[in-house]
Each structure stands twice: as C-alpha cells, then as structure tokens.
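Colleague: Sequence and computational prediction follow.
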Amino acid sequence: MNPPHKSIGVAVIKNDAGQILIDRRLPGGTMGGLWEFPGGKIEPGETVEECIKREIQEELGIEIEVGECLITIDHTYSHLRVTLTVHYCCYVSGIPQAIECDEVRWVGLDELEKFAFPEANTQIIAALKQNLKTE
C-alpha cells in the first residue's frame, strides 16, 4: 500500500547576517524534536509561494518575501511520501516566535550539520551548501 502524499512548501529564510532560520518540531508530533526548515502543507488552490508566506506567518509570526525555488525533493518515509518545494526567502519583519514549534533559531550554514533534521532535509542542506558557495 502506498503511504499518503503531502505537498509541502518549505522556506529557507536568510537574514542580513546570512544566517538561516530553522525550527524544532514539537516533541509529541511526527518526527518530534527534529529540526526543520519552516513551512507547511499546500492547501487546495494555493500556490507554493502563497503557502510558504501563510505558513511562516502562522507558525513564526514573521513577514517574508518568497524568492526563487532552490530545489524540489520527492521523499518517501515509511509512513508518508512528501514533495518538498523549497524556496529561498528574505526575512522582512517581525520577531520569529515558536508559535507552532518548540524552538526557533538563526544558524550559520556551516552549523546546520550540528542539528538533527528529518531525512529529506539532508538534500536541502546539500543544495544550500552547493548554491551558497557559488554566490
């Protein structure tokens, strides 16, 4: 039997210092306690960009500008298949708050490996390292 499929918009939010915003999932949920790039499920009739902007507002309480697509990842876990559409985003305003997550943190690209991420996110980190080195 095929696991359920979710399409998810994911934000890689950078601040002026070049740090990236990550958040830790609530301990009780799926993959609880792991770190992730913020984002969420794309609602019917919504574009990826609209989804990312809405989710970041709902989950972290900040305003962002959604930029170009970094990578699209199709990944199957034992319980779920996900399509992650990852966009670069610029931090605009507000103070990130842990509204629907456990903790929020600004980290440098070289620090990402110190955090435990869900399996699919390793491809995002690899793509970031490859792309940010060329900037």
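Modeller: Nice, I can see it.

Colleague: How far does the helix-or-strand element of the chain with minimal mean pLDDT sit from its chain's centre?
Modeller: Here the helix or strand of the chain ranked lowest by mean pLDDT, DSSP states H and E is helix 121-133, holding a mean of 88. From the chain centre to the centre of helix 121-133 is a distance of 13 Å (CA atoms, centre = their mean, to the nearest Å).

Colleague: Okay, strands next: where are they in this protein?
Modeller: 5-14, 20-24, 35-36, 39-41, 63-76, 81-93, 103-107 (DSSP state E).

Colleague: Could you report the separation of the closest residue to G108 other than its chain neighbours from P96?
Modeller: Spatial nearest neighbour of G108, excluding adjacent residues (CB to CB, 6 or more residues apart in numbering): Q19 at 5.7 Å. C-betas here are computed from N, CA, C, even on glycine. Applying CB to CB, to the nearest Å, the value for Q19 to P96 is 11 Å.

Colleague: next one: I125
Modeller: Taken as CB to CB, the span from I125 to P96 is 20 Å.

Colleague: Which one of those two is surrounded by more residues?
Modeller: Comparing I125 with P96 by other CB atoms under 10 Å, the one with more neighbours is P96, at 20 against 17.

Colleague: on that earlier part again, what is the neighbour count of the residue nearest to G108?
Modeller: Residues near Q19, counting by other CB under 10 Å: 16.

Colleague: If you drop the residues flanking it in sequence, what lies closest to the residue most central in space within the chain?
Modeller: In the chain, the centroid-proximal residue (CA atoms, centre = their mean) is F37; its distance is 2.5 Å. Distances taken as CB to CB, 6+ apart put V10 closest to F37, at 5.0 Å, once the chain neighbours are dropped.

Colleague: Mind pulling the model confidence for the one you found?
Modeller: Predicted confidence (pLDDT) for V10: 98.

Colleague: what pairs with it across the strands?
Modeller: Taking DSSP bridges, one obtains G39, V86 as the residues bridged to V10.
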